[in-house]
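J.: just coords:
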Ligand SMILES: Cc1cc2nc3c(=O)[nH]c(=O)nc-3n(C[C@H](O)[C@H](O)[C@H](O)COP(=O)(O)O)c2cc1C
């Protein structure tokens, strides 16, 4: 195996492998309207006009992250993305965003074709309004029961994201979620798998299990087209899987959604922030909902410091465990092509 992360398998890449890949991704590519059913998972501050357009242009499916945006910024971001690509792309909305309704209006105004809803079970009204706008709705399903509930709400596709992923995560690994959910729903609804995917062989395996496509975040951070600060990219290139650790919850009353990020000083600061918020809860100076919102805002600020300002010591360097497979800065098209070739080679070698 070459140690540099280039295609390690020397078996010839057969046309058969590519055909098989195309067939397995067919429901995904039909739904998304792109060449490869590879979603560029929305990453706050990173997934903006440049990276999103580049992913869609390279045959994947870019998704704008608007967790840290209000309606006006999203309006501009969609317009700017449209100037950079004529390929389809999506918008990621966070269900707990206080301006969710206005953000849906902005997507409708721009006739965004696909909305990806993250951050908890979406309110029924939001689902209806997105569907009424004509957009396809893709939602995160953290468990089989919730996948079935979302299917009853008429969402068009599901994302299953395991705890290997970067950013906010659930408690269960991708491989277990895939086994728990795919066999029961994959015939009835297209499912995309996310979390810990760094190479095409893993894409091939999840497709063979019934997924119609995948979503990757970490692998796209160091694309040339990504505006992430050089320090942020260097931290990714240096890191190995074990450096991408989980945030620690320090107060049982304050359940914080775990975040996976590279270990640094910020890990300590987050503990201090939780203590501060827990103290305010103790003194009755804060309601629980407000306490959780403060924690969420804290993350958005910490991620911005790292991604935009390059402060990788006191900012949050959110990264998934696949960070060990990020070896260099390279064009998005090269990343997607490598993943596709690896997946096709794996499928072609099955015989
Ligand atoms: C830096 C970073 C920021 C992220 N921000 C968001 C976000 O704002 N909204 C969201 O739904 N997912 C977010 N994610 C998760 C990605 O969309 C994607 O699902 C995940 O990265 C896939 O797993 P991987 O990191 O193992 O490839 C983020 C991930 C990273 C690494």
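T.: Yep, it's here. From a predicted model like this one, the values you see are computed outputs, not experimental measurements.
J.: If I look at residue 12, what pLDDT would I see?
T.: Model confidence at residue 12, given as pLDDT, is 47.
J.: buried set for the helix or strand encompassing residue 297?
T.: Using DSSP states H and E, residue 297 sits within helix 288-307. Within helix 288-307, the residues scored as buried using 16 or more other CB atoms under 10 Å are 291-292, 294-296, 298-299, 302-307. Where C-beta positions appear, they are placed from N, C-alpha and C, glycine not excepted.
J.: Leaving out chain neighbours, which residue sits closest to residue 81?
T.: Of all residues not flanking residue 81 in the chain, residue 49 sits nearest, at 4.5 Å (CB to CB, 6 or more residues apart in numbering).
J.: Return the backbone torsion pair for the one you found.
T.: The phi/psi pair for residue 49 (degrees, to the nearest 10) reads phi -50, psi -40.
J.: do the same with residue 258
T.: Backbone torsions for residue 258, taken as degrees, to the nearest 10, come to phi -60, psi 150.
J.: Touching, it and residue 166? I think so.
T.: No. Judged on CB atoms under 8 Å, residue 258 makes no contact with residue 166 at a distance of 11.5 Å.
J.: out of the two, which sits in the busier spot?
T.: residue 166 (26 against 17; other CB atoms under 10 Å).
J.: you'd agree that one is up against residue 262?
T.: No. In this structure, residue 166 is not within contact of residue 262 by CB under 8 Å, at 9.1 Å.
J.: quick revisit: which residues does the helix holding residue 297 contact?
T.: Helix 288-307 is contacted from outside by 44-46, 67-68, 96, 168, 228-229, 231-232, 253-254, 256, 259, 266, 269-270, 273-274, 277-278, 280-281, 286, 311-312, 314-318, using CB atoms under 8 Å, 6 or more residues apart in numbering.
J.: Stretch 28-41 now?
T.: With CB under 8 Å, 6+ apart as the test, stretch 28-41 has contacts from 22, 25, 27, 47, 51-52, 55-56, 59-63, 87-88, 90, 113-114, 116, 136, 156-157, 159, 165, 190, 192, 194, 203, 211-217, 220, 332, 336, 339-340.
J.: and if we set it to 7 Å?
T.: For stretch 28-41, contacts defined as CB atoms under 7 Å, 6 or more residues apart in numbering pick out 25, 47, 51-52, 55-56, 59-63, 87-88, 113-114, 136, 156-157, 190, 192, 194, 212-217, 220, 336, 339-340.
J.: From those residues, list the ones also adjacent to the ligand.
T.: Residues of the contacts of stretch 28-41 in contact with the ligand (CB under 6 Å from any ligand atom): 194, 215, 216, 217.
J.: Give me the nearest residue to the one residue in the stretch 151-300 of the chain that gets nearest to the ligand, chain neighbours excluded.
T.: Ranked by CB to the nearest ligand atom, the top residue of the stretch 151-300 of the chain for proximity to the ligand is residue 217, at 2.1 Å. Leaving aside its chain neighbours, residue 217 sits nearest to residue 41 (3.7 Å; criterion: CB to CB, 6+ apart).
J.: Now do the contacts for the nearest residue in space to residue 173 that is not next to it in sequence.
T.: Spatial nearest neighbour of residue 173, chain neighbours left out: residue 162 (4.7 Å); criterion: CB to CB, 6+ apart. Contacts of residue 162 were listed using CB under 7 Å, 6+ apart, and they are 172, 173, 174, 175, 177, 195, 196.
J.: who wins for most neighbours among those residues?
T.: residue 195 (31 neighbours).
J.: And the pLDDT at residue 313?
T.: Confidence score, pLDDT, at residue 313: 94.
J.: can you give me the end-to-end distance of stretch 313-322?
T.: By CA to CA, to the nearest Å, the extent of stretch 313-322 from end to end equals 21 Å.
J.: Spell out which residues of this protein are next to the ligand.
T.: By CB under 6 Å from any ligand atom, the residues of the chain that approach the ligand are 41-44, 46, 65, 67, 92, 118, 161, 164-167, 194-197, 215-219, 318-320, 322.
J.: Give me the distance between the residue most central in space within the chain and residue 22.
T.: When CA atoms, centre = their mean is applied to the chain, the residue found nearest the centroid is residue 41 (2.9 Å). According to CB to CB, to the nearest Å, residue 41 and residue 22 sit 22 Å apart.
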